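# give me the fold of what follows.
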Amino acid sequence: MPRPIKWRKVCCLPESNLFGPLNAPDFGDNIILMTVDEYETIRLIDHEGMLQEECAENMNVARTTVQRIYNDARKKIADALVNGNVLKIEGGNYKLCEDDQQGCGCCRCPKHQIKR
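Numbering: from 1, shown residues only. This next block holds a predicted model:
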């Protein structure tokens, strides 16, 4: 019997989910798919400056899982930048923290920030 899926807690979906070169006439097969949980690790570690342990705690997974997700996400970003591919963020095994009764508690995600 396979192991049950453990959902990764994500604060919010990205406001934009498609990134790429402005001069791309046709996307074709040059689309790299990044999952929402991969995006969340990049946001928490690189943008928010969290340690992998803190990120793992926020996402409710093991640190080794965060490390693997983070490495996969960075490879995809590098591929998109170096090869001029389009990066699309969608899918993955995640659950939004607004669906969680306890909430995310981070108060640093974009949905909790006051827009000025």
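# switch to C-alpha atoms for all contacts and neighbour counts from now on
OK.
# can you show me the CA trace of the helix or strand hosting residue 55 as CSV?
Element membership of residue 55, judged by DSSP states H and E, is helix 52-59. Output of helix 52-59 as CSV, limited to C-alpha atoms (Å, rounded to 0.1, in the frame of the first residue of the first chain):
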residue,chain,number,x,y,z
GLN,A,52,15.4,25.4,5.8
GLU,A,53,14.4,24.3,9.2
GLU,A,54,12.0,27.3,9.6
CYS,A,55,10.7,26.8,6.1
ALA,A,56,10.0,23.1,6.9
GLU,A,57,8.2,24.1,10.1
ASN,A,58,6.1,26.6,8.2
MET,A,59,5.2,24.1,5.5
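# any low-confidence regions in the protein?
By pLDDT under 70, the weakly predicted segments of the chain are 25, 27, 99-116.
# quick one, longest helix in it?
helix 63-83 (DSSP state H).
# give me the contact list for that helix.
Helix 63-83 is contacted by residues 20, 32-34, 37-39, 41-42, 52-53, 55-57, 85-87 when judged by CA atoms under 8 Å, 6 or more residues apart in numbering.
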